[in-house]
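Student: got a predicted structure here, sequence first:
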Amino acid sequence: MSLKYVMEMFELMDDIAVTGEKVKEYLLQISENGQIDVHTIEGKKGKTDFIKVVIPGKNGKSKGGNAPTLGIIGRLGGIGARPEMTGFVSDGDGALSSMSAAAKLLDMTNKGDLLDGDVVLTTHICPNAPTQPHDPVPFMGSPVDILTMNEYEVAEEMDAILSIDTTKGNQIINHRGFAITPTVKEGYVLKVSDDLLHVYTQSVGQLPVTMPITTQDITPYGNDVYHVNSILQPSVATDKPVVGVAITTETAVAGCGTGASRVTDIEEVVRYCIEVAKLYGKSKCDFYNEKEFNHLEELYGKMTHLQKLGK
């Protein structure tokens, strides 16, 4: 049951003294069947702990197999904005989701339910991140820049990526729960994956909800153009397909707002990501149509310049 791990992870993270090592200790108490690494990185505005959890699959590459590896990234500025705000902030939902998924996947290994492919889950733990102005509601800042986040969260072994991010501070997606974005690959915004839509209907039991994205959203931070948030920033650091899993609300909620995290919504995201991982490791869940992508590049050329800061 994923909800148990979401609740326990929430209580662990809702602490001014939480660290990546404490999250690692919690996960190891569940199972030692995964590999967990923590790196503390200091930036201009503080420090944060990057955590990476690798859960081997039956036919995963970590064991010499050939099953594809799914990456699940929890995107955020921080899980807390102390001392300005008291408690766990809405922006922390990405970290909570990815590490709760890691906890559930580790529990599954104890019970003999190994996935076919490896799953690599990454995020960072910062209980006292800064905030920054943004319309219509303030953004969470981060003690480290986006290049550092991508360096530690986008792993080379990921063959496809689900990027989970709180996406509540906007007026373009008005749904309480979660939505998925079109697939982004090497500067192209591709069609929404039919397979990922189908998993949504099966795991949530409702019609799928999708989130619109723009060219601006898939360009790197720091180029002075509007981004809905950082949900697709992993796409600038990889040639693999990336899909955003946006935790959403009906109203605009600030990333630095507290008391705004709904564990039931996060549990749906956790289950969704795990169901995708099950199928992706079996090569039964395509993020994009490779033949059509190659045809697009033949017609219009490479779009990788959109993965860079530009002139």
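Tutor: Yes, it's here. Numbers count the residues shown, from 1 in each chain.
Student: OK, contacts around Tyr26?
Tutor: Contact analysis of Tyr26 by Cβ atoms under 8 Å, 6 or more residues apart in numbering lists Glu8, Met9, Leu12, Ala103. (Each C-beta comes from the backbone N, C-alpha and C, glycine too.)
Student: burial measure for the last one, as a count.
Tutor: If I follow you right, that is Ala103. 26 (other Cβ atoms under 10 Å).
Student: confirm for me that it is in contact with Tyr5.
Tutor: Yes - using Cβ atoms under 8 Å, Ala103 is in contact with Tyr5, at 3.9 Å.
Student: which member of the contacts of Tyr26 is positioned nearest Val225?
Tutor: Met9 (34.3 Å; Cβ to Cβ).
Student: that closest one falls within a strand, correct?
Tutor: No - counting by DSSP: H, G, I helix; E, B strand; the rest coil, Met9 is not part of a strand but helix.
Student: where does it land on pLDDT?
Tutor: We have a pLDDT of 98 for Met9.
Student: equivalent analysis for Pro130, please.
Tutor: Model confidence at Pro130, expressed as pLDDT, equals 87.
Student: over to Pro133?
Tutor: The model's pLDDT for Pro133 equals 74.
Student: which residues touch the helix or strand of the chain with the lowest mean pLDDT?
Tutor: In the chain, the helix or strand scored least confidently by mean pLDDT, DSSP states H and E is strand 139-140, which has a mean of 76. Strand 139-140 has contacts (Cβ under 8 Å, 6+ apart) with 76-78, 81, 89, 91, 129-133, 169, 229, 255-256.
Student: now do stretch 103-116
Tutor: 2, 5, 8-9, 26-27, 30-31, 33-34, 53, 55-60, 67, 119, 121, 270, 274, 277-278, 281-282.
Student: what sits closest to Thr166 if chain neighbours are left out?
Tutor: Using Cβ to Cβ, 6 or more residues apart in numbering and skipping residues adjacent in sequence, the residue nearest Thr166 is Asp93, 4.4 Å away.
Student: just give me the neighbour total for that neighbour.
Tutor: By the criterion of other Cβ under 10 Å, Asp93 has 31 neighbours.
Student: residues near the closest residue to Gly177 other than its chain neighbours, how many?
Tutor: Among residues not flanking Gly177 along the chain, Asp265 sits closest, at 5.4 Å (Cβ to Cβ, 6+ apart). Neighbour count for Asp265, taken as other Cβ under 10 Å: 18.
Student: Ser235 belongs to a helix?
Tutor: Yes - according to three-state DSSP, Ser235 belongs to a helix.
Student: and it, how far from Asp286?
Tutor: 17 Å (Cβ to Cβ, to the nearest Å).
Student: more neighbours: which of these two?
Tutor: Ser235 (32 against 16).
Student: wait, what's in contact with the more buried one?
Tutor: Taking Cβ under 8 Å, 6+ apart, one finds Ile161, Ser163, Val184, Lys185, Ile218, Val242, Gln307 in contact with Ser235.
Student: so what's the fifth one up against?
Tutor: Translated: Ile218. By Cβ under 8 Å, 6+ apart, Ile218 lies in contact with Val184, Gly187, Val189, Leu232, Ser235, Val236, Leu306, Gln307.
Student: not counting sequence-adjacent ones, nearest residue to the first one?
Tutor: Just to be clear, that refers to Val184. Sequence neighbours aside, Ser235 is the residue nearest to Val184 in space, at 4.2 Å (criterion: Cβ to Cβ, 6+ apart).
Student: now the one you found: how far from Thr109?
Tutor: 30 Å.
Student: again with Ala160
Tutor: 21 Å.
Student: same question for Tyr272.
Tutor: Relative to Thr109, and taking Cβ to Cβ, Tyr272 is found at 20 Å.
Student: between Ala160 and Thr109, who's got more neighbours?
Tutor: Set Ala160 next to Thr109 and count neighbours by other Cβ under 10 Å: Ala160 wins out with 23 against 18.
Student: look up how far Glu32 lies from that one.
Tutor: Remark: distance between Ala160 and Glu32 (Cβ to Cβ) = 27 Å.
Student: hmm, back to that, quick one: which of the contacts of Ser235 sit in helices?
Tutor: Among these, none falls in helices (DSSP state H).
Student: any chance of TSV for those, columns distance to Glu292?
Tutor: Output for the contacts of Ser235, formatted as TSV (distance: Cβ to Cβ, whole Å):
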residue	distance to Glu292
Ile161	19
Ser163	22
Val184	15
Lys185	11
Ile218	18
Val242	17
Gln307	20
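Student: filter those down to the buried ones.
Tutor: Ile161, Ser163, Val184, Lys185, Ile218, Val242, Gln307 (16 or more other Cβ atoms under 10 Å).
Student: bridging residues for the third one?
Tutor: When assigned by DSSP bridges, Val184 has beta-bridge partners Val189, Val242.
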